[in-house]
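> Predicted model follows, preceded by the sequence.
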Amino acid sequence: MARRQSSPEIEIKVVTPQRGDNVVHPEGPPPVQSPALSRTFSDYRPFKRWKSWLVPWFVVINIVVFVVTMFVNNCPKNSDKCIARFLGRFSFQPFKENPLLGPSSSTLDKMGALEVQKMIHGHHQAWRLLTCMWLHAGVFHILANMLSLVFIGIRLEQEFGFVRIGLVYVISGFGGSLLSALFIKNGISVGASGALFGLLGSMLSELISNWTIYANKLAALLTLIFIIVINLAVGILPHVDNFAHIGGFVSGFLLGFVFLIRPQYKWVNQMNAPPGTITTPVRSKHKTYQYVLWVISLILLIAGYTLALIYLLRGVNLNDYCSWCHYLSCVPTSKWKCQPRQIECLTNQLGNQLNLTCSSNGRTGTYSLADNSPSRIQQLCTELCS
């Protein structure tokens with residue numbers, strides 16, 4: 001996308017008045033032309049260009065966390081069918097258990113994957129809303145996400161700086177985890193996809209907010225919308241947490257109106273104009289519609305995050321209030337089903353002692369319970385069968 005340019009170059013012309021004109025000619029050497037006045041327009045940058053370093057560090061952190069996760073996983077200790085056993089404890093779980101070349105679900109859970117049952121019912125592990133965005137299910141998963149982060153994030157950081165893009169990335173990832181936790185109550189979820197969709201959403205809102213400074217704006221808008229629709233459409237496949245994608249995208253879209261707002265182009269030219277240059281006076285740094293979008297987006301973000309956290313900590317399942325919303329994450333077809341694997345346990349309780357046997361893997365466990373509510377028993381069954 002190219003910046004709007006008013007002319008190919010700025011040229012200063014000195015006109016010598018004719019004899020007899022009513023002009024006073026001061027004595028002394030002729031004035032020296034300022035270098036700033038002789039610069040061409042192509043050398044002039046109205047907005048600061050930043051050096052990208054935070055996004056590469058995000059990539060490094062994600063890769064390091066994945067390596068640590070594989071070290072903790074230690075597949076040879078628990079299985080004889082590990083893939084790439086020459087890697088030792090860094091070898092991968094069998095394809096039947098994890099087709100993405102990665103660790104087991106229990107290891108991801110131990111490292112901080114998003115699991116709703118461990119954030120409520122007395123566990124108070126709300127920190128999983130942030131830690132899950134730094135974990136990945138396998139090599140293919142982290143490779144796809146990190147390539148997307150490099151292509152999208154570096155360009156945005158160069159345009160807007162590390163502070164604003166860092167905030168958009170982290171807050172969007174948190175928003176994606178939050179929406180996922182409100183709809184998906186069983187199983188675990190990991191990945192930086194929510195944060196990446198937040199960056200895509202911020203690109204869209206930035207284009208809308210700063211509409212007047214772009215050339216070829218309609219083509220850029222249609223291209224960006226096409227990319228977003230394709231990526232969201234992939235989320236309707238099974239085993240893909242599209243609620244995290246949607247939550248991250250909506251968060252990033254609103255955050256873009258708050259953090260990625262640009263001043264008016266005329267205002268920037270006025271501020272950077274060389275002394276003596278006549279420019280059209282502009283009083284306001286931003287346009288009125290930019291201020292309106294900024295206020296509305298900030299209110300929606302604060303209200304939305306507050307309500308979502310309250311609903312989550314109270315154990316509210318939004319599927320009970322939206323019978324069709326589950327289709328946003330998975331659409332069943334003749335090729336696949338969207339129903340998750342049923343988790344069932346045989347129970348035998350004597351007083352406060354509870355014996356559970358998982359129907360799918362045959363594991364048994366004995367627990368001393370102070371809270372024998374059905375939700376607590378279901379949580380223990382989920383842990384036993386995972």
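Okay, I see it. Residues are numbered from 1 along each chain as shown.
> Flag the shaky bits of this structure, pLDDT-wise.
Residues of the chain that meet the criterion pLDDT under 70 lie in 1-47, 121-122, 265-280, 282, 335-337, 339-343, 370-376, 378-379, 382-383, 386.
> what about the helices in it?
54-73, 75-78, 105-111, 128-131, 139-160, 162-183, 193-209, 217-234, 242-259, 265-272, 288-313, 374-385 (DSSP state H).
> how about the first one: buried residues?
Within helix 54-73, the residues scored as buried using 16 or more other CB atoms under 10 Å are 54-55, 58-59, 62, 65-66, 69-70, 73. All C-beta spots, glycine's among them, are computed from the backbone N, C-alpha and C.
> now the angle from it to helix 162-183?
Comparing the axes of helix 54-73 and helix 162-183 via axes from the mean of the first three to the mean of the last three CA atoms, to 10 degrees yields an angle of 40 degrees.
> which stretch among the helices of the chain comes nearest Lys48?
helix 139-160 (9.2 Å; CB to CB).
> what's the angle between the closest one and helix 242-259?
Going by the same axes, to 10 degrees, helix 139-160 makes 10 degrees with helix 242-259.
> What helices and strands are in contact with helix 139-160?
Judged by 3 or more CB pairs under 8 Å, 6 or more residues apart in numbering; DSSP states H and E, helix 139-160 is in contact with helix 54-73, helix 162-183, helix 193-209.
> and Glu344, how many residues sit next to it?
By other CB atoms under 10 Å, 13 other residues sit near Glu344.
> ok, now the one 5 residues further on?
Neighbour count of Gln349, defined by other CB under 10 Å: 13.
> do the one 10 residues further on as well
The local packing count at Ser359 equals 13, with neighbours defined by other CB under 10 Å.
> Might one say that it is in contact with Cys381?
No - counting by CB atoms under 8 Å, Ser359 stays clear of Cys381, with 9.2 Å between them.
> what sits in contact with each of the two?
344-345 (CB atoms under 8 Å, 6 or more residues apart in numbering).
> returning to what we had before: columns distance to Arg89 on top of the helices of the chain, output as TSV?
Output for the helices of the chain, formatted as TSV (distance: least, CB to CB, whole Å):
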stretch	distance to Arg89
helix 54-73	6
helix 75-78	6
helix 105-111	11
helix 128-131	22
helix 139-160	16
helix 162-183	29
helix 193-209	27
helix 217-234	33
helix 242-259	29
helix 265-272	55
helix 288-313	35
helix 374-385	24
